[in-house]
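*Asks:* predicted model and sequence follow; I will ask about them next.
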Amino acid sequence: MSVTEALSVANIDAYYGDSHVLHGVSFALQEGRLLGLLGRNGAGKTTSMSTIMGFLKPRRGTITLFGDPIAGLAPDTISHRGIGLVPQGRRVFRSLTVRENLTVAEQRRRQDGSRPEWTLDRVYTVFPRLKEREAQLSGLLSGGEQQMLAIGRALMGNPRVLLMDEPSEGLAPQLVAEVGRTIARLKAEGQSIILVEQNIKLTLDLADDVAIINTGAIAFTGTAEQLKSNPAVIAQQLGVF
């Protein structure tokens, strides 16, 4: 069976002003798989996501989405090409209702027939609590409900690749487990996902492949099973056993 590269990040250098923050970063996401991007706080995980989404323009290197170059394009163009983002900190539109948050992000899916299209009703099926609160201002939701809304909003764009930046951050353990089940469901449906997480156990439970970033450079790439069987790398790069 042929393997399709959904997203490729190759030799990316990026800067904040004069500060060199990404140093030749390279990793690849295969279609229908989940890549876990791990690293300590400040290692460059969110910066990598920002560069993929076009919020930060790389000075060197290439980023391709199913073979098409997207590095340096505007964020809205990248979104329309098929990359969805669940941002760190949720960033829901607090003055809009739940329903408005979802419908404002709606994009019709490219008709490749591989997966059912995301619609408002389908999002509500996955997240019944959002249906119950569809007329409520999103700023009044709990942290867990806002995270569900952030995931649902990204799915309404019918992304070819979904970037998830710290989706378990600040959530109670039972909600972390719920987020994990949702991600597992998306992966089982064939969604290509990059998961950025501090929660190493959650990531290794879900991921097919893993990349570790350390001080803006890739320190490890391999399968999740390879990383699980290498506690020395986990200890050295992530500071845990």
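*Replies:* Happy to help now that I have it.
*Asks:* select the longest helix from this protein.
*Replies:* Ranked by residue count under DSSP state H, the longest helix found in the chain is helix 173-188.
*Asks:* mind checking pLDDT for Leu120?
*Replies:* Per-residue confidence (pLDDT) for Leu120: 86.
*Asks:* list the buried residues in the one helix or strand Gly144 maps to.
*Replies:* Using DSSP states H and E, Gly144 maps to helix 143-155. For helix 143-155, a neighbour-count test (16 or more other CB atoms under 10 Å) marks Gly144, Glu145, Gln146, Gln147, Met148, Leu149, Ala150, Ile151, Gly152, Arg153, Ala154, Leu155 as buried. Placement of C-beta: from N, CA and C, glycine included.
*Asks:* again, but for stretch 37-49
*Replies:* Buried-residue list, stretch 37-49, by 16+ other CB under 10 Å: Leu37, Leu38, Gly39, Arg40, Ala43, Gly44, Lys45, Thr46, Thr47, Ser48, Met49.
*Asks:* how about residues contacting stretch 8-27?
*Replies:* With CB atoms under 8 Å, 6 or more residues apart in numbering as the contact definition, stretch 8-27 has outside contacts at 28-29, 35, 37, 44, 47-48, 51-52, 56-64, 71, 211, 213, 215-218, 221.
*Asks:* now it: mean pLDDT?
*Replies:* 94.
*Asks:* how far away from the center of its chain is that stretch?
*Replies:* A distance of 18 Å separates the centroid of the chain from that of stretch 8-27, by CA atoms, centre = their mean, to the nearest Å.
*Asks:* any idea how far apart the tips of stretch 148-166 sit?
*Replies:* Start and end residues of stretch 148-166 are separated by 13 Å (CA to CA, to the nearest Å).
*Asks:* so which residues of this structure form strands?
*Replies:* Using DSSP state E, the strands of the chain run over residues 5-16, 19-30, 34-38, 60-65, 68-69, 83-86, 161-165, 192-196, 209-214, 217-223.
*Asks:* so, low pLDDT: which residues of this protein?
*Replies:* Scanning the chain for pLDDT under 70 picks out 1-3, 89-90, 109-114, 240-241.
*Asks:* closest to Glu134 out of the strands of the chain?
*Replies:* Across these, Glu134 has its closest neighbour in strand 83-86 (19.3 Å, CB to CB).
*Asks:* which other helices and strands does the closest one contact?
*Replies:* helix 45-53, helix 143-155, strand 161-165 (3 or more CB pairs under 8 Å, 6 or more residues apart in numbering; DSSP states H and E).
*Asks:* export these to CSV and tack on distance to Gly82?
*Replies:* What follows is the helices and strands packed on strand 83-86, written out as CSV (distance: least, CB to CB, whole Å):
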stretch, distance to Gly82
helix 45-53, 12
helix 143-155, 12
strand 161-165, 6
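*Asks:* returning to that earlier point: give me the contact list for the helix holding Gly144.
*Replies:* For helix 143-155, using CB under 8 Å, 6+ apart, the contacting residues are 84-87, 90-92, 98, 101-102, 104-105, 118, 123, 126-127, 129-130, 133, 138, 141, 162, 164, 167, 170-172, 175, 178-179, 182, 186.
*Asks:* cheers, nothing more for now.
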